[in-house]
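Asker: Sequence plus the predicted model coming up.
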Amino acid sequence: MMRQYELVERVKRYNPSADEALLNRAYVYAMMAHGNQKRASGDLFFGHPLEVAAILTDLKLDDATIAAAVLHDTVEDTQATLEEINKTFGTQIGALVDGLTKIKRLDLVSKQAAQGENFRKLLLAIADDVRVLLVKLADRLHNMRTLQFMPAEKRKRIAEETLEIYAPLAGRMGIQEMREELEDLAFQNLDPEAYGAISRHLAEVTVKAEKLVEEIERDLTTKLSAQGIGAQVTGRQKRPYSIWRKMERKSVSFEQLSDIFGFRVLVDTVDECYRALGVVHTTWPMVPGRYKDYISTPKQNDYRSIHTTVIGPGSQRVELQIRTKAMDEVAEYGIAAHALYKEGINDNSRLANESRAYQWLRRTIDLLAEGDNPEEFLEHTKLELFHDQVFCFTPKGRLIALPRGATPIDFAYAVHTDVGNTAVGCKINGRISPLLTELQNGDEVEIVRAEGQSPPAAWESLVVTGKARASIRRATRAAVRQQYTGLGRQILERAFERAGHPFSDEKLKGSLPRLARISIEDVLAAVGRGEMFSGDVVRAVYPDYKEERRGGTETRVVGQAIKGDGSAGKTPGDSARGIPIRGLNGDVLIRFAPEGGAVPGDRIVGILTPGEGVTIYPIQSSSLAAFDNEPDRWIDVRWDLEAGDTQRFPARIKLQSINEPGSLAQIAQVIADHDGNIDNVAMKRRTQDFTDVTIDLAVWDLKHLNAIIAELRAKRVVSRVDRVTG
Ligand code: MN
């Protein structure tokens, strides 16, 4: 076990002005608190927090983080309290320990819903201070290193959690070394056979390739120094998990994997990186499609490096990473490499400015604050954790990083929510393109906007970023609510009128308590959604009101009113007071009866279905009988179409046709000649001579439909034609 002075020495090695007294106090406090507690391995528990602290000293973190690491299990596992920690070590360390205590209670691989919720809590716990995450990652790393002492079931759960949550988080924070070790340990526990096989292969290959690695290292160093570039070249074997993933992804066997070794070329300046690249590419042929420049466009976790693959000595494919020593430090330590904590400045501001990893964290937390349901949140976050990125630009040159598969819609929302909500088109690299194009690296995207737009709900399933999805959901929810509210108002106005009273917001306001609603808008939306009936609202405002249309014989009052006298002129029900029906465009709350539908010119009635809106039936539809006992669901509706409207409406006809070659073609010809659309045809042979044909049409209006029916009746091959209205 690490001694007290050893801990202090480790810290002092990189931070000579470390607060020795603080470290000593934390050491003694934790040692006393954990006392004789044992780990599953049988070792003293106190060894664990010390190892966690040691891992963090490798990342050269500040005193407070190291002290918090030593104390991290005291509140959860011993008699120690947060108050005591706050008093003894100050509130900053107290807050770190508190965050770690909260995380410890989370189970991140439970059922989907709980997992999402817990992941939110995890991110919230690390939101205030990213050092909580760094301690947690070190804690997890040490637990993974000592996992063999755990029972099998627990081992699997912890390994899964590590692979799903913590390893990607370490990667996101740019701490690659830790990410790789976490992945390998998890892989080893989850699939011991595959891990063993790959490790054995790797060991064999290493022995054989030792000479080759040395040769490449020497060759590269010599070639570079001949050009005046002092470079440090090291060959490195890839990790079992990354090899396994590559095998899975490319469906190749180990033998087919050519690039098991990666080489790192470290130089002093950015200029030298590109010069070194030039030397490499002129010495060996490069493998097309493998060159990536993360120096000019860094990864979102701040990683910067040039990647390329060449056919090196012995026709061996060689993967190269070329970067400066400073970049290498970031590649290894990630967020911890930012000088901040080493200089003892204890706030997040510099980190926030310098570290894109931290910015990612903040964005994720912002998203979480928008509060969609946890499952969705997890889905998005996982998506963003695992997906590669594409980098695109605004016309002004602002860089927008998006997950692979992102569309201009995602881009628009990444720029600003308002831009996304009002997007109607886009130009990619100056060319007008569909909003659903998959964006490519380097695309310049210009969003075409129209004010007063709201995004179509269908976008929600087409975008890939959480931000876009959350914003679209909110915008469409608002739009749908607005529609329900509008519908509710129309229904109420009509109901009050029938009761002989004018509708007014003020009167309704006084009755809100009786209706158990907070606002008028709530009432309107509830009526529109069919959760509250208009009659109940009228009675709440006018308690004396007796509804006249209760009871079987009068249930069709609304329908009757619409039926009117059947003449073309205005009838009471057909008056301007019904809810105007303008077809399906742009109005999600209106739909037509599934069988037969209604076309302009038909007398129509609406039936309100809770949560779905209004379904329009022609008044003669036999389906309406089903609603006879639910007068509250009947809604006055009227056609409200402008001349020259180009919408079509659904109608169904049923024909009896003579069985002879070409009869169906003749029927189709008649419909085509009349500019009718056939949506569907169903045929059923009735007898040897006759076939029943059911045709779903799309027509302009009743006149159009009747013209088609008349023409069909005139055909010799058609023995009868009827309209069907379900
Ligand atoms: Mn622990």
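Answerer: Sure, I can see it.

Asker: only C-alpha atoms for contact and neighbour calcs from this point on.
Answerer: Fine.

Asker: hey, where'd the helices end up in the stretch 351-500 of the chain?
Answerer: Applying DSSP state H, counting those that start in this stretch to the stretch 351-500 of the chain gives helices spanning 356-369, 374-386, 408-415, 417-421, 466-498.

Asker: Between helix 408-415 and the last one, find me the angle.
Answerer: So that's helix 466-498. Counting by axes from the mean of the first three to the mean of the last three Cα atoms, to 10 degrees, helix 466-498 lies at 90 degrees to helix 408-415.

Asker: Sort out which residues of helix 466-498 are buried, please.
Answerer: 466-476, 479-496 (16 or more other Cα atoms under 10 Å).

Asker: quick one: average pLDDT of whatever helix or strand comes next after it?
Answerer: Elements were assigned by DSSP states H and E; along the chain past helix 466-498, the next helix or strand is helix 505-510. Average pLDDT, helix 505-510: 86.

Asker: try stretch 306-318
Answerer: On average, stretch 306-318 scores 82.

Asker: Touching that stretch from outside, list them.
Answerer: Contact with stretch 306-318 is made by 212, 216, 258-259, 261-263, 273, 280-281, 284-287, 290-295, 319-323, as judged by Cα atoms under 8 Å, 6 or more residues apart in numbering.

Asker: So which of those residues are in helices?
Answerer: Members of the contacts of stretch 306-318 lying in helices (criterion: DSSP state H): 212, 216, 273, 280-281.

Asker: Which two among those are spaced furthest apart?
Answerer: The most widely separated members of the ones in helices among the contacts of stretch 306-318, counting by Cα to Cα, are Leu212 and Cys273 (23.7 Å).

Asker: Which one's more surrounded, these two?
Answerer: Cys273 (22 against 15; other Cα atoms under 10 Å).

Asker: Isn't the more buried one up against Arg323?
Answerer: Yes: using Cα atoms under 8 Å, Cys273 is in contact with Arg323, at 5.8 Å.

Asker: shared neighbours of these two, anything?
Answerer: Common neighbours of Cys273 and Arg323, using Cα under 8 Å, 6+ apart, are 267, 306.

Asker: Asn15: neighbour count?
Answerer: Asn15: 19 surrounding residues under other Cα under 10 Å.

Asker: for Glu446, that is, sorry about that
Answerer: When neighbours are counted by other Cα under 10 Å, Glu446 comes out with 22.

Asker: Just list whatever residues bridge to the closest residue to it other than its chain neighbours.
Answerer: Spatial nearest neighbour of Glu446, excluding adjacent residues (Cα to Cα, 6 or more residues apart in numbering): Lys427 at 5.0 Å. Counting by DSSP bridges, Lys427 is bridged to Ile432, Glu446.

Asker: Counting neighbours, what do you get for Lys427?
Answerer: By the measure other Cα under 10 Å, the count of residues near Lys427 is 18.

Asker: isn't it right up against Ile447?
Answerer: Yes: under the criterion of Cα under 8 Å, Lys427 makes contact with Ile447 at 6.5 Å.

Asker: neighbouring contacts of stretch 232-248?
Answerer: With Cα under 8 Å, 6+ apart as the test, stretch 232-248 has contacts from 180, 183-184, 187, 194-195, 198-199, 202, 206, 213-214, 217, 220-221, 253-254, 257, 260-267.
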